[in-house]
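>>> Predicted model, plus sequence, below.
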Amino acid sequence: MKNKKVPERMCIGCREMKDKRELVRVVKSSQGEISIDFTGKAPGRGAYICKNEECLNRAVKSKAFNRAFQTCVSEEILNTLKEELGNG
């Protein structure tokens, strides 16, 4: 029997390749709204981050979200991400 390939994605905080299921997808919709996609299937441009606050802080410090989405991500959205990742 053939083994199923597990998709891997890179965390934008620590820059490590991990299984897609271990990461949280942050998505920018076609309307420009940025939100967390826990299902991993929402339409739009996605960026992946580990489920810990240290990687999120590293991504914010290096402005990785701004580069990934090619737009300025507001502090309000980043604070919401911190809260949701902390609870998720």
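Arrived safely, thanks for sending. Numbers count the residues shown, from 1 in each chain.

>>> so who does residue 78 touch?
Contacts for residue 78 (Cβ atoms under 8 Å, 6 or more residues apart in numbering) come out as 60, 65. Using the backbone N, CA and C atoms, a C-beta is placed for each residue, glycine as well.

>>> Need the pLDDT of it.
The model reports residue 78 with a pLDDT of 88.

>>> List phi and psi for it.
Here is the backbone geometry of residue 78 (degrees, to the nearest 10): phi -60, psi -40.

>>> Pull up the gap between it and residue 42, please.
As judged by Cβ to Cβ, to the nearest Å, residue 78 and residue 42 stand 19 Å apart.

>>> Show me the strands in the protein, by range?
Counting by DSSP state E, the chain has these strands, from start to end: 8-10, 17-19, 24-28, 34-37, 45-49.

>>> for this structure, which spans come out with low pLDDT?
Applying pLDDT under 70 to the chain flags the ranges 88.

>>> quick revisit: ok, which of the strands of the chain comes nearest residue 83?
strand 34-37 (10.1 Å; Cβ to Cβ).

>>> Looks like residue 22 contacts residue 50 (just checking).
Yes - taking contacts as Cβ atoms under 8 Å, residue 22 lies within contact range of residue 50: 7.4 Å.

>>> Give me the more crowded residue out of the two.
Neighbour count, other Cβ atoms under 10 Å: between residue 22 and residue 50, residue 50 has more, with 20 against 12.

>>> Do a quick rundown of the helices in this structure.
Per DSSP state H, the chain carries helices over the ranges 53-61, 64-69, 75-87.

>>> Tabulate the strands of the chain in CSV, adding columns for mean neighbour count and distance to residue 87.
Shown next, in CSV, are the strands of the chain (neighbours: other Cβ atoms under 10 Å; distance: least, Cβ to Cβ, whole Å):
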stretch, mean neighbour count, distance to residue 87
strand 8-10, 15, 22
strand 17-19, 11, 21
strand 24-28, 21, 12
strand 34-37, 17, 11
strand 45-49, 20, 15
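
>>> Make JSON lines from these and add distance to residue 58 to it.
Listed next are the strands of the chain as JSON lines, based on distance: least, Cβ to Cβ, whole Å:
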{"stretch": "strand 8-10", "distance to residue 58": "13"}
{"stretch": "strand 17-19", "distance to residue 58": "15"}
{"stretch": "strand 24-28", "distance to residue 58": "14"}
{"stretch": "strand 34-37", "distance to residue 58": "17"}
{"stretch": "strand 45-49", "distance to residue 58": "9"}
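
>>> Perfect, that will be all.
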